[in-house]
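Trainee: Return a 3D structure for these sequence lines:
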Amino acid sequence: MTSSGTNAAGLTGSAAWELLLPAASAPARARGRALQAALREAIRSGRLAPGTRLPSSRDLAADLGVSRGLVTEAYEQLTAEGYLRSGRGAGTWVGDAVRAARPRARDLAPRSPGTRADFVPGSPDLSLFPRAAWAAVQRAVLAELPHHDLGYPDPRGLPRLRTALAGLLARRRGVVADPERIVVVSGVAQASALVGSVLHARGMRTIGVEDPGSPQHDGLYAAAGLGTVPLPLDEDGLALGPLRASGVRAVVTTPAHQYPTGIAYSARRRAELLDWVRSVDGLVLEDDYDGDFRYDRAPVGALQGLDPERVAYMGSVSKSLAPGLRLGWLLVPTALAQEVVERKRTMDLGHPSLDQALFAHFLERGDYDRQLRRCQRAYRERRDALVGALAEHFPEARVSGIAAGLHVIAELPERYGPEGDFLERVTDAGIAVRPLSACTHARTGDGGVRLVLGYAHLPPARIRAGLRLMAEALDG
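Mentor: Numbers count the residues shown, from 1 in each chain. This is a model prediction of the structure:
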């Protein structure tokens, strides 16, 4: 590289030096910072490899058309940071400590790529997200939010949101909702982690989970220091005999619409479960993940309403709005409240206050109730489409569970088994499904195939097309 005044022609032979040209044309005040940033990026990306000798400050300044002092300052700054090394009379070199950065950021979001039909449960229809209403509320909140509400919030959540949530949960789910005991969280996963860590600190080392149940429970509670004890179900809910024999004093349940079997706990079993938890001085964690969606009658009220001092109640907007909002609530018994709040404070200093104010306004205007009614209509139609398509393409299939939620259990006859062969064939056809066996620690047998089929995220036409494709793949 040779000196050429303001002529940068000497730079064109090296792609690495070309990275510096935009910095040279930056506004005068920003030119030094721009040059330093451009040199850092060239080194991080590997375009200037370790051991590369840089031009003298005089030559580089001449080629870029900038002052020598600006280049000297850039060299000195990057030498101090470890990107460059230099010695008196020995020139300036790219240091050996820097390693090239990854060229891109990976996306680890859970998806089923490359599928022609995706029946994996757990996702709502994200196209139903109320963008216009959400945007209107966002504008209103930004205009009216007091400055002090942008500071660190109460770790439980903004009083305005906790008050609005208390009204919602009492009205829709029959919860005994004290705003002082509501904690705004980033979904049921964080609510579970908070309660789990408090139970561990109190000496518990195990927690009971429904079997079959959510595949995420083992890892979630292990992170809080608790081992999970799988507990079987019967037609009424958790089987009481195995529960009593297990020795656990805390258990996680989905009583309004059990995941994944789809049953609702009977009134008798709900009462028996509460008798058990009182007898062991324990705790029930109620995950009300889709309790608002019942299609044949009014939803059964939350278990928490029967004994708010023995039941911790958890819910979120993941099924009603979008899981990406990371917004939920935890209503804890008085005896646990202070410990849970302190752990929430330690964990993240509270949920984002702007998101809380937005959701509070959304609740107060009635937008959330309208969204629930909209989803209720859509998901009822999709469940009907799924049941009808199963009857058409798999007439011997048996659908079980109450008419509620975002999934059904479909049991196919033995001629479609064994399960391993079935899954291989449908996967090869580009169809994503979840077998019931993925949700249980128990052996499910080698007979027919039982599937947990999600439908909420699929329009009726795609549900029918997907089941037709599945039938063709199995009969072909």
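Trainee: Distance check, T92 against L48.
Mentor: Note on T92: its distance to L48, by CB to CB, to the nearest Å, is 11 Å. (Glycine included, C-beta is placed from N, CA and C.)
Trainee: any common contacting residues for these two?
Mentor: Common contact partners of T92 and L48 (CB atoms under 8 Å, 6 or more residues apart in numbering): L54.
Trainee: Tell me the buried residues in the helix of greatest length in the chain?
Mentor: Using DSSP state H to assign secondary structure, the helix with the most residues in the chain is helix 367-393. Residues of helix 367-393 classed as buried: 367-368, 371-372, 375, 378-380, 382-383, 385-387, 389-390, 393 (neighbour count, 16 or more other CB atoms under 10 Å).
Trainee: and which of the residues you listed is nearest to A170?
Mentor: Nearest to A170, judged by CB to CB, of the buried residues of helix 367-393 is Y368 at 14.3 Å.
Trainee: Can you say which helix or strand has the nearest residue to that closest one once chain neighbours are set aside in it?
Mentor: Among residues not flanking Y368 along the chain, F362 sits closest, at 5.5 Å (CB to CB, 6 or more residues apart in numbering). Here F362 sits within helix 353-364, counting by DSSP states H and E.
Trainee: Kindly report the same for E76.
Mentor: helix 68-81.
Trainee: Over that helix, what's the mean pLDDT, rounded is fine.
Mentor: Averaged across helix 68-81, pLDDT comes to 92.
Trainee: which ones are touching the nearest residue to S353 once chain neighbours are set aside?
Mentor: Among residues not flanking S353 along the chain, P153 sits closest, at 4.5 Å (CB to CB, 6+ apart). By CB under 8 Å, 6+ apart, the contact set of P153 is L349, G350, H351, S353, Q356.
Trainee: Please spell out the ChimeraX selection for the buried subset of those.
Mentor: Filtering the contacts of P153 down to the buried ones (16+ other CB under 10 Å) takes a single ChimeraX command:
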select :350,351,353,356
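Trainee: mind checking the SS state of the closest residue to A166 other than its chain neighbours?
Mentor: Spatial nearest neighbour of A166, chain neighbours left out: A177 (3.8 Å); criterion: CB to CB, 6+ apart. Recorded secondary structure, A177: coil (DSSP: H, G, I helix; E, B strand; the rest coil).
Trainee: again, but for A312
Mentor: strand.
Trainee: just checking, it touches V195?
Mentor: Yes. Assessed by CB atoms under 8 Å, A312 is found in contact with V195 at 5.4 Å.
Trainee: what is in contact with those two at once?
Mentor: Common neighbours of A312 and V195 (CB under 8 Å, 6+ apart) are L283, L285, L330, V332, L336.
Trainee: In strands, which of the residues you listed fall?
Mentor: When DSSP state E is applied, the shared contacts of A312 and V195 are split such that L283, L285, L330 fall in strands.
Trainee: which one of the residues you listed sits closest to Y259?
Mentor: Of all those, Y259 sits closest to L285, with 13.4 Å by CB to CB.
Trainee: Residues contacting the helix holding E76 from elsewhere in the structure, which ones?
Mentor: 31-32, 35-36, 39-40, 43, 54, 57-58, 60-61, 64, 84-86, 92.
Trainee: Next, give phi and psi for the nearest residue to L231 once chain neighbours are set aside.
Mentor: Spatial nearest neighbour of L231, chain neighbours left out: G208 (4.8 Å); criterion: CB to CB, 6+ apart. Main-chain dihedrals, G208, degrees, to the nearest 10: phi -80, psi 140.
Trainee: Tell me how many other residues surround G208.
Mentor: Neighbours of G208 under the rule other CB atoms under 10 Å: 25.
Trainee: now swap in A34 and tell me
Mentor: Neighbours of A34 using other CB under 10 Å come to 18.
Trainee: sorry, back to before: looks like the residue nearest to A166 contacts L165 (just checking).
Mentor: Yes. With contact defined as CB under 8 Å, A177 reaches L165; the gap is 7.1 Å.
Trainee: Correct me if wrong: P299 contacts D292.
Mentor: Yes. Using CB under 8 Å, P299 makes contact with D292 at a distance of 6.3 Å.
Trainee: in the stretch 1-150 of the chain, which spans are helices?
Mentor: 15-18, 21-24, 31-44, 57-64, 68-81, 131-144 (DSSP state H, counting those that start in this stretch).
Trainee: first vs last residue of stretch 400-412, how far apart are they?
Mentor: For stretch 400-412, the first and last residues are 11 Å from each other (CA to CA, to the nearest Å).
Trainee: next one: it to chain centre, how far?
Mentor: 23 Å (CA atoms, centre = their mean, to the nearest Å).
Trainee: Look up phi and psi at the residue nearest to A166.
Mentor: According to degrees, to the nearest 10, A177 has phi -110, psi 100.
Trainee: okay, it: pLDDT?
Mentor: 93.
Trainee: Give me the neighbour count for it.
Mentor: Neighbour count of A177, defined by other CB under 10 Å: 24.
Trainee: Low-confidence stretches in the chain?
Mentor: For the chain, applying pLDDT under 70 flags the ranges 1-17, 100-103, 112, 444-447, 476.
Trainee: biggest strand in it by residues?
Mentor: strand 227-234.
Trainee: Please report how far A26 lies from Y83.
Mentor: 19 Å.
Trainee: So what touches the helix holding F362?
Mentor: Here helix 353-364 has contacts from 133-134, 137-138, 140-142, 145, 149-151, 153, 157-158, 160-161, 164-165, 167-168, 184, 317, 325, 327, 368, using CB under 8 Å, 6+ apart.
Trainee: Pull up the gap between V449 and A473, please.
Mentor: 13 Å.
Trainee: neighbour count winner among these two?
Mentor: A direct count of neighbours by other CB under 10 Å for V449 and A473 places V449 higher, at 26 against 18.
Trainee: For the more buried one, list the residues it contacts.
Mentor: Taking CB under 8 Å, 6+ apart, one finds E411, L412, Y416, G417, E419, F422, P435 in contact with V449.
Trainee: do P260 as well
Mentor: So P260 contacts P121, P212, G213, H407, I409, L436, C439, V452 (CB under 8 Å, 6+ apart).
Trainee: repeat for P459
Mentor: So P459 contacts D125, R382 (CB under 8 Å, 6+ apart).
Trainee: quick one: it from W329, how far?
Mentor: 30 Å.
Trainee: same check, this time on L349
Mentor: 18 Å.
Trainee: What of R380?
Mentor: 25 Å.
Trainee: try G301
Mentor: Distance from G301 to W329, by CB to CB: 16 Å.
Trainee: now P179
Mentor: The value you get for P179 to W329, if CB to CB is used, is 11 Å.
Trainee: More neighbours: the two, which one.
Mentor: For P179 versus W329, neighbours defined as other CB under 10 Å are more numerous around W329 (27 against 17).
Trainee: Wait, the more buried one touches V317, no?
Mentor: No. Using CB under 8 Å, W329 makes no contact with V317, being 9.1 Å away.
Trainee: what's next to stretch 409-421, contact-wise?
Mentor: Here stretch 409-421 makes contact (CB under 8 Å, 6+ apart) with 260-262, 390, 394, 396-401, 422, 435-437, 444, 446-453, 474.
Trainee: Not counting its own residues, what contacts stretch 189-201?
Mentor: Contacts of stretch 189-201 (CB under 8 Å, 6+ apart): 183, 185, 207, 216, 220-221, 223-226, 250, 252, 283, 285, 287, 312, 314, 328-330, 332, 336, 339-340, 343-344, 347.
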